[in-house]
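Novice: Predicted model and sequence below, questions to follow.
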Amino acid sequence: MNAGSEGPSQLTSARALWFWAVGAVGLAVAAIALLPGLSEPLNTLLKLAWSFLLVFWLPGYCFTRALFPRGSLNDIERVLLSVAMSIVLVPVVVLLLDEASVSLRASSLAPSLIILSMMYAVVAVLTERLQANGGPQR
């Protein structure tokens, strides 16, 4: 049986909706950071809201999703662990950027966090695919 006849791809299934939501949040943060035409209060409010998601939720969520695949944690545990892991991961990224002599600005931190989150999201999708195919269980 070839790979194309096994059913929908892992990224196009309904279970991978979170993966596309992570990408959408990353794109929204990048777009809002580059939008020049918004009025100042609205621009500040949008940047604050999306930056809050980027700093306090997204990296930790993708990390916990990679470590604990679907079904390992309930929703409350996943949200709390996501916030806690984001609080741990963001300073590590800041330290790495500082050590690499990159200026610490939103224009350097946001892409770094988006890339980190997407890397963890890809690992999570691969982990869930392994689990769905009867691979190693955690």
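Specialist: Received the coordinates, thanks.
Novice: This structure: helices as residue ranges?
Specialist: Counting by DSSP state H, the chain has helices at residues 17-34, 40-56, 58-67, 75-99, 106-132.
Novice: looking at those helices, which is buried most?
Specialist: When neighbours are counted by mean count of other C-beta atoms under 10 Å, the highest per-stretch mean among those falls to helix 58-67, a mean of 24. Just so you know, the C-beta spots here come from the backbone N, C-alpha and C atoms, and that holds for glycine as well.
Novice: Which elements pack onto that one?
Specialist: Applying 3 or more C-beta pairs under 8 Å, 6 or more residues apart in numbering; DSSP states H and E, one finds that helix 58-67 makes contact with helix 17-34, helix 75-99, helix 106-132.
Novice: quick one: least confident helix or strand in the chain?
Specialist: Using mean pLDDT, DSSP states H and E, helix 17-34 stands out as the lowest-scoring helix or strand of the chain, at a mean of 74.
Novice: could I have it exported to PDB, CA atoms only?
Specialist: Output in PDB follows, covering the C-alpha atoms of helix 17-34 (Å, rounded to 0.1, in the frame of the first residue of the first chain):
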ATOM      1  CA  LEU A  17      -5.900  22.200  13.400                       C
ATOM      2  CA  TRP A  18      -3.700  23.400  16.300                       C
ATOM      3  CA  PHE A  19      -0.600  23.300  14.000                       C
ATOM      4  CA  TRP A  20      -2.200  25.700  11.600                       C
ATOM      5  CA  ALA A  21      -3.400  27.900  14.500                       C
ATOM      6  CA  VAL A  22       0.200  28.200  15.700                       C
ATOM      7  CA  GLY A  23       1.300  29.300  12.200                       C
ATOM      8  CA  ALA A  24      -1.600  31.800  12.000                       C
ATOM      9  CA  VAL A  25      -0.700  33.400  15.300                       C
ATOM     10  CA  GLY A  26       2.900  33.700  14.100                       C
ATOM     11  CA  LEU A  27       1.900  35.300  10.900                       C
ATOM     12  CA  ALA A  28      -0.500  37.600  12.700                       C
ATOM     13  CA  VAL A  29       2.200  38.800  15.100                       C
ATOM     14  CA  ALA A  30       4.600  39.400  12.200                       C
ATOM     15  CA  ALA A  31       1.900  41.300  10.200                       C
ATOM     16  CA  ILE A  32       0.800  43.400  13.100                       C
ATOM     17  CA  ALA A  33       4.400  44.400  13.800                       C
ATOM     18  CA  LEU A  34       4.800  45.600  10.200                       C
END
